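Visitor: Here's my sequence, what's the structure:
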Amino acid sequence: MTTIATAAPARASRTWYKILYVQVLIAILIGVLVGWLWPSLATNDWVKALGDGFIKLIKMLIAPIIFCTVVSGIAHIQDAKKVGRVGLKALVYFEIVSTFALVLGLVMGNLFKIGHGLAAKPDAAAVANYVKQAEASKSVDFILNIIPDTVVGALARGDILQVLLFAILFGFSLMALGERGAKLRGMIDDAAHAVFGVIAIVMKVAPIGAFGAMAFTIGKFGPSALGNLIGLVALFYATAALFVLVVLGLISRFVGFSIFKFIAYIKDELLLVLGTSSSESALPQLMTKLERLGCSKPVVGLVVPTGYSFNLDGTNIYMTLATLFIAQALGVDLSFGQQLTILVVAMLTSKGASGITGAGFITLAATLSVVNPVLVPGMAIVFSIDKFMSEVRALTNIIGNGIAAVFVAWWEGELDQVTLHARLNQKIDPTDGETSNTAG
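Guide: Sure, this is the predicted structure:
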């Protein structure tokens, strides 16, 4: 798996008001005040256009980023094949645990319907488009609908299911090429980095979009809308904590260690992720810590980088919760079949979304457009508080990948239990480079 380790930005030396995180928080606060004190101004078309314009910028990037990340993720599986059983075990673990994360998000979203009462209205044009698609699906088989007439057409229209189909086929084709496809894989990886660069540029106007989205939401639905939005943030935090402590906690206990001690062991990496909103910023340090913990180097070198594309537990929870919240806010009832579609689509669109701040929001847009286009305009509601959830997404992702590496090393018989317990019980200095790991 090819990854690019990103160094943590030197935030300490930057002027506080130049930090994007601070700018977004200030914009949200100003948006709340404008929406509360001057609702007529906040609901002006120009203010609404600020949030809608940012959403359109995000939607512009959905198809290319999904294509590049899915193709790159599948094509690089050939690196896992060199390790044999370890690669297969890692992928099986990723898909099972990711499914648990998605299902937990759906369960919590259905149990606590915090989007109800927001009284938002679906976009009329989106409704008409969805009705048109629904009528077309009565006469055309679903399988035919996801097969594009042309690849370029699917990319131009932003038809995510069709883009996903071609990306999956193209990825497996590249994987089969082996070394002959190395140059093309490199080009696609570079293209993905370039698109992520566009995301970085777009995110510079995030404060403007956040102001417009929050001001319009509060101005139109009143200060009571804050209760729904705060409720979504609180539910996401609670669901992520439940996943880490229960699901990952049980996996840790099965291997023979405490999830709490593991979290304490990687606390420095968690703080780094908290400051950058990206779990990939701590990738090199995490890999080093896991090797010192007793995991063999080959297992860590395969599982952790692969997990950054295939094991995004926090992102999965976010997508299912946010999709249900938007549906509830817009008064759209999602059938059981549509909720199953969320599981399948989110499992694919979440791949490769961990490394860049804001990428999780793009995967949400991709998921919504497939499940029901009526929901896409509702992204503006969630965007206003997305920043408050990005850190927890990243924290859950990095903890999940750390546990995955330990579990696969244990499964493969390449985990030094003596070193593991010595490190977690702080009998060895965590910063000490010497290790008694003999497994690798």
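
Visitor: now stretch 401-408, how far from the centre of its chain.
Guide: Counting by Cα atoms, centre = their mean, to the nearest Å, stretch 401-408 is centred 19 Å from the centre of its parent chain.

Visitor: Contacts made by that stretch with the rest, please.
Guide: Contact with stretch 401-408 is made by 86, 89-90, 93-94, 97, 248, 251-252, 254-255, 257, 259, 262, 266, 279, 286, 289-290, 293, 295, 299-300, 303-304, 307-308, 311, 415, 420, as judged by Cβ atoms under 8 Å, 6 or more residues apart in numbering. For every residue, glycine as well, the C-beta is placed using N, CA and C.

Visitor: try 7 Å
Guide: 86, 89-90, 93-94, 248, 251-252, 255, 262, 266, 286, 290, 293, 295, 299-300, 303-304, 307-308, 311, 415 (Cβ atoms under 7 Å, 6 or more residues apart in numbering).

Visitor: isn't residue 320 right next to residue 104, touching?
Guide: No: Residue 320 is beyond contact range of residue 104, at 8.0 Å (criterion: Cβ atoms under 7 Å).

Visitor: What residues does residue 424 make contact with?
Guide: The contact partners of residue 424, by Cβ under 7 Å, 6+ apart, come to 257, 261-262, 265.

Visitor: Could you check the pLDDT of the nearest residue in space to it that is not next to it in sequence?
Guide: Nearest residue to residue 424, sequence neighbours excluded (Cβ to Cβ, 6 or more residues apart in numbering): residue 261, at 4.1 Å. Per-residue pLDDT puts residue 261 at 93.

Visitor: Counting neighbours, which bits of the helix or strand harbouring residue 261 end up buried?
Guide: Taking DSSP states H and E as the criterion, residue 261 maps to helix 259-265. By neighbour count with 16 or more other Cβ atoms under 10 Å, helix 259-265 contains the buried residues 259, 262-263, 265.

Visitor: Using JSON lines, lay out the residues you listed together with distance to residue 37.
Guide: Output for the buried residues of helix 259-265, formatted as JSON lines (distance: Cβ to Cβ, whole Å):
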{"residue": "259", "distance to residue 37": "45"}
{"residue": "262", "distance to residue 37": "47"}
{"residue": "263", "distance to residue 37": "42"}
{"residue": "265", "distance to residue 37": "48"}
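
Visitor: sorry, back to before: tell me which two of the contacts of residue 424 sit farthest apart.
Guide: For these, the farthest-apart pair by Cβ to Cβ is 257 and 265; their separation is 9.5 Å.

Visitor: Neighbours of residue 186, how many?
Guide: 12 (other Cβ atoms under 10 Å).

Visitor: where does it land in three-state SS?
Guide: Using DSSP: H, G, I helix; E, B strand; the rest coil, the structure places residue 186 in helix.

Visitor: For it, which residues are in contact?
Guide: Residues near residue 186 by Cβ under 7 Å, 6+ apart: none.

Visitor: What distance do you get for it to residue 421?
Guide: Between residue 186 and residue 421 the distance is 42 Å, computed by Cβ to Cβ, to the nearest Å.

Visitor: Quick one, which of the contacts of stretch 401-408 are buried?
Guide: The buried subset of these - by 16+ other Cβ under 10 Å - is 86, 89-90, 93-94, 248, 251-252, 255, 262, 266, 286, 290, 293, 295, 299-300, 303-304, 307-308, 311, 415.
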